[in-house]
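**Student:** sequence and computational prediction follow.
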Amino acid sequence: MKCRQHTFATMTVAKRYGRAWSNTLRLSSAFAMMGAVAFALGTSPSRGASVAPSGTATTIPALPPSPEAVPPSAEQDRAAIERAHIKHVVVIIQENRSVDNLFNGFPRADTVQYGASTEHGIVRLRPVDLDYPHDVDHQHRAFMREYDGGRMDGFDQVRTYPDRDPLFAYSYIPRQEVEPYWQMALDWTFADRMFQSNTGPSFPAHLYLVAGQSLNTTDNPNHIETGHFAWGCDSPPNATVAVLAPNGAEEPGPFPCLDFRTLADELDVAGLPWRYYAPSIHSLGDIWSAFDAVRHIRYGPDWNNVVSPETRILADPGAGFLPSVTWVVPTAHNSDHPFPRHSIGADLGITGQYGPEWVASVVNEIGESKFWDSTAIFVVWDDWGGFYDHVAPPQLDAMGLGPRVPFIVISPYARPHYVSHVQHEFGSILKFSENVFGLPRLGTTDIRADGLWDCFNFNAPPRSFIPVRIPRERQAQFGNVRTRPVDEMPPDTDD
């Protein structure tokens, strides 16, 4: 593999990539050689060692263990134990980050400092601010380029928005930018083998989180010739969404108002309450309101369970209300999604992002409520955002698995200070919820997925909640949701 050395002047890169670059030095040829050695040890599927940014090798299986085959009787016994301890499941969904990007160097987790590329040899991952306004293509076609038959070396072959540095995907967020996430992951359970179930962006990913499928839709709805900023049944009449054809190619698909059974439907049948906290339609963040794309929920009585503004989650638990299953999605300001500026016809005006503080506030609200003793909180990122990740996802069907995404388990029964190396996917959250509430299987990814059993220890005494520290200077945007008239909303085809 041919390597090409890249030299960056400190002042130049500090200007281009924000304050996280301010301490970056020139790359020397000797350092580049170290990178080649580290990559050879850390990312080859035939090796068992990984190299974290500290340079310390840790022995972790390069290929994730498959979910443990559990006999039906044992699975029933496990479900009974979970059901006796857990009465509430909360799924907090964040946006667009890979494990190597957001938790680089996390203790005992499998992350690397260097990545393979197609045209630039071994590339050192660079520190970049969380809110740096530079997006990476993460549509299905981009995944196929990056995956490159399992070589995971095509991250320099996808577009960025704005269209600039081909190596931008090879980046990571310094710990100090996301300290609340690290605190939660260090105190509780962090999983470095959670794979998104699909190989594309947010629209299908969010559907997998509530249903374990997306009806083979692969990308975000097409907003060409419209400024309407909504996905799903509230999309404009001419919107469509691509689907994966039997031959593996993408082809034009239907209007993005779909219909299939979801976990919410199973909860309805069982008479159990649920809520989906999401930004209101036509506000910045409404695109992540998954049930807007499920026809019978959008136009039925269950739409009353989709709660806006999403900030109500910061009051309801303290007021004595937490349903059996809760999903929470952020506004644009409180997401981890990087938003380009002046590159898509209109500037969204996202000039500061507060994802870590938002998630910490939600976790603190629930943890300090009367529901803590019987709750399991899952913090999960919907997709990898196009950012580099060195672990090749197992290919289980035509739709996935997709790249690794971060996953944190917070509960009185979550294993403390634990890193799970077991293969999980979005269907694992569904299966856990089904086990806890005695629900039937949806028959989608919940069939093949594990049930997150290794992340819990129900034999140990329940732990008290540990409040997440939020830096005083970092305050999340918890005011009224910012909205715009429909004709001012910009098109967005890559979230």
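**Tutor:** Received the coordinates, thanks. Everything numeric in this text was worked out from a predicted model, so none of it was measured.
**Student:** only C-alpha atoms from now on, for both contacts and neighbour counts.
**Tutor:** Fine.
**Student:** what bridges to residue 171?
**Tutor:** Legend: beta-bridge partners of residue 171 under DSSP bridges are residue 126.
**Student:** quick check, it in contact with residue 128.
**Tutor:** Yes. Counting by C-alpha atoms under 8 Å, residue 171 touches residue 128, with 6.3 Å between them.
**Student:** dump the residue contacts of residue 437.
**Tutor:** 83, 87 (C-alpha atoms under 8 Å, 6 or more residues apart in numbering).
**Student:** of all residues in the protein, which one is nearest the centre?
**Tutor:** In the chain, the residue lying closest to the centroid (C-alpha atoms, centre = their mean) is residue 381, at 1.4 Å.
**Student:** let me see the backbone angles for that residue.
**Tutor:** Main-chain dihedrals, residue 381, degrees, to the nearest 10: phi -100, psi 140.
**Student:** that one contacts residue 408, correct?
**Tutor:** No. Between residue 381 and residue 408 there is no contact under C-alpha under 8 Å: 9.6 Å.
**Student:** quick check: which ranges of the stretch 101-250 of the chain have low pLDDT?
**Tutor:** Filtered on pLDDT under 70, the stretch 101-250 of the chain yields the residue ranges 223-230.
**Student:** which residue ranges form the helices in it?
**Tutor:** Listed in chain order, the helices of the stretch 101-250 of the chain (DSSP state H, counting those that start in this stretch) span residues 140-147, 179-187, 202-211.
**Student:** let me know which of the ones you listed is tucked in deepest.
**Tutor:** Neighbour counts (mean count of other C-alpha atoms under 10 Å) averaged over each of these peak at helix 202-211, with a mean of 26.
**Student:** which non-adjacent residue is nearest residue 435?
**Tutor:** residue 79 (4.9 Å; C-alpha to C-alpha, 6 or more residues apart in numbering).
**Student:** packing partners for the helix or strand harbouring that neighbour?
**Tutor:** Assessed by DSSP states H and E, residue 79 sits inside helix 72-85. For helix 72-85, the packing partners by 3 or more C-alpha pairs under 8 Å, 6 or more residues apart in numbering; DSSP states H and E come out as helix 426-437.
**Student:** and the helix it packs on, how far from the chain's centre?
**Tutor:** 17 Å (C-alpha atoms, centre = their mean, to the nearest Å).
**Student:** quick one: contacts of whichever strand or helix holds residue 296?
**Tutor:** If you go by DSSP H and E, residue 296 is part of helix 295-298. For helix 295-298, the external contacting residues (C-alpha under 8 Å, 6+ apart) are 233, 257-259, 291-292, 303.
**Student:** now it - C-alpha only, PDB.
**Tutor:** Taking Å, rounded to 0.1, in the frame of the first residue of the first chain, the C-alpha atoms of helix 295-298 are listed here in PDB:
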ATOM      1  CA  ARG A 295     -48.600   5.900   8.700                       C
ATOM      2  CA  HIS A 296     -50.900   4.200  11.200                       C
ATOM      3  CA  ILE A 297     -49.200   6.000  14.100                       C
ATOM      4  CA  ARG A 298     -48.900   9.400  12.400                       C
END
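**Student:** average pLDDT for that helix?
**Tutor:** In this model, helix 295-298 has a mean pLDDT of 98.
**Student:** still on that earlier bit, okay, now the sheet partners of the helix or strand that the helix holding residue 79 is followed by, with direction.
**Tutor:** Remark: after helix 72-85, the chain's next helix or strand is strand 88-94, criterion DSSP H and E. Strand pairing for strand 88-94, using DSSP bridges, gives strand 325-328 (parallel), strand 375-381 (parallel).
**Student:** per-residue confidence averaged over whichever helix or strand comes after the longest one?
**Tutor:** Reading on from strand 375-381 to the C-terminus, the next helix or strand found by DSSP H and E is strand 407-410. Confidence over strand 407-410 (mean pLDDT, whole number) is 98.
**Student:** can you show me the CA trace of stretch 427-441 as PDB?
**Tutor:** C-alpha atoms of stretch 427-441 as PDB (Å, rounded to 0.1, in the frame of the first residue of the first chain):
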ATOM      1  CA  GLY A 427     -32.300  -5.200  17.500                       C
ATOM      2  CA  SER A 428     -30.600  -5.900  20.800                       C
ATOM      3  CA  ILE A 429     -32.500  -2.900  22.400                       C
ATOM      4  CA  LEU A 430     -35.700  -4.200  20.900                       C
ATOM      5  CA  LYS A 431     -35.100  -7.700  22.200                       C
ATOM      6  CA  PHE A 432     -34.200  -6.500  25.700                       C
ATOM      7  CA  SER A 433     -37.500  -4.400  25.800                       C
ATOM      8  CA  GLU A 434     -39.500  -7.400  24.600                       C
ATOM      9  CA  ASN A 435     -38.000  -9.600  27.300                       C
ATOM     10  CA  VAL A 436     -38.600  -7.100  30.100                       C
ATOM     11  CA  PHE A 437     -42.200  -6.600  29.200                       C
ATOM     12  CA  GLY A 438     -43.100 -10.000  28.000                       C
ATOM     13  CA  LEU A 439     -43.800  -8.900  24.400                       C
ATOM     14  CA  PRO A 440     -43.800 -11.100  21.300                       C
ATOM     15  CA  ARG A 441     -40.900 -10.800  18.900                       C
END
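**Student:** and it, what's buried?
**Tutor:** The neighbour-count check on stretch 427-441 (16 or more other C-alpha atoms under 10 Å) flags 427-439 as buried.
**Student:** also stretch 259-270?
**Tutor:** 261-267.
**Student:** same question for it, mean pLDDT?
**Tutor:** pLDDT averaged over stretch 259-270 gives 98.
**Student:** what pLDDT is listed against residue 338?
**Tutor:** 83.
**Student:** who's in contact with it?
**Tutor:** 130-135.
**Student:** still on that earlier bit, separation between the residue nearest to the centre of the chain and residue 201?
**Tutor:** The gap separating residue 381 from residue 201 is 11 Å, by C-alpha to C-alpha, to the nearest Å.
**Student:** can you check residue 138 too?
**Tutor:** Taken as C-alpha to C-alpha, the span from residue 138 to residue 201 is 6 Å.
**Student:** repeat that for residue 250.
**Tutor:** Relative to residue 201, and taking C-alpha to C-alpha, residue 250 is found at 14 Å.
**Student:** what kind of secondary structure is residue 353 in?
**Tutor:** Judged by DSSP: H, G, I helix; E, B strand; the rest coil, the three-state class of residue 353 is coil.
**Student:** report how many residues lie close to it.
**Tutor:** 24 (other C-alpha atoms under 10 Å).
**Student:** mind listing what it touches?
**Tutor:** Counting by C-alpha under 8 Å, 6+ apart, the residues that residue 353 touches are 130-131, 332-336, 476.
**Student:** neighbour-wise, which one of those residues leads?
**Tutor:** The contacts of residue 353, ranked by neighbours (other C-alpha under 10 Å): first place residue 332, 28 neighbours.
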